[in-house]
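Asker: Predicted structure and sequence below. I'll ask about it afterward.
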Amino acid sequence: MLLVSTNSITGREYDVLGLVTGVGVPPFKLRFSTEQIGKVIEEGVERANNSMIAKAQAMGADAIVRVRYDKEASETGVQIMVWGTAVRLR
């Protein structure tokens, strides 16, 4: 599955299938070091991407364009949100 943050895929035509989203919550750890924060965020991004990709594949998509990320942090952890437009390449 191709994920791009651009509004289109250069040199390719495609049919728009619709919006897809994903949410990833990294594994909760009561304590982690400063060095581990990056790894925790990466795990959340991977989970969010996998969730979004599964939805896009169910729609018959080959790619997701205009992928965007956001995060929400609280005392209990971090939640990563991702969204984009599922497309089928021609």
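Answerer: Now that the structure is in, tell me what you want to look at. Numbers count the residues shown, from 1 in each chain.
Asker: could you pull out the strands for the protein?
Answerer: 2-3, 14-24, 63-74, 77-89 (DSSP state E).
Asker: and the second one, which residues are buried?
Answerer: Going by neighbour count (16 or more other C-beta atoms under 10 Å), the buried part of strand 14-24 is 14, 17, 20, 22, 24. C-beta coordinates here come from the backbone N, C-alpha and C atoms, glycine included.
Asker: between these, which is nearest residue 47?
Answerer: residue 24 (3.2 Å; C-beta to C-beta).
Asker: The closest one bridge partners, please.
Answerer: Note on residue 24: beta-bridge partners residue 80, judged by DSSP bridges.
Asker: Relative to residue 59, how far out is it?
Answerer: Per C-beta to C-beta, to the nearest Å, residue 24 is found 19 Å from residue 59.
Asker: Please compute how far the helix-or-strand element of the chain with minimal mean pLDDT lies from its chain's middle.
Answerer: Least confident element among the helices and strands of the chain, by mean pLDDT, DSSP states H and E: helix 34-58 (a mean of 88). Offset of helix 34-58 from its chain centre (C-alpha atoms, centre = their mean, to the nearest Å): 6 Å.
Asker: Which strand residues bridge residue 73?
Answerer: Beta-bridge partners, per DSSP bridges, of residue 73: residue 78.
Asker: and it, how many residues sit next to it?
Answerer: 10 (other C-beta atoms under 10 Å).
Asker: Enumerate every residue touching residue 74.
Answerer: For residue 74, no residue meets the contact criterion (C-beta atoms under 8 Å, 6 or more residues apart in numbering).
Asker: With that, I have no additional questions.
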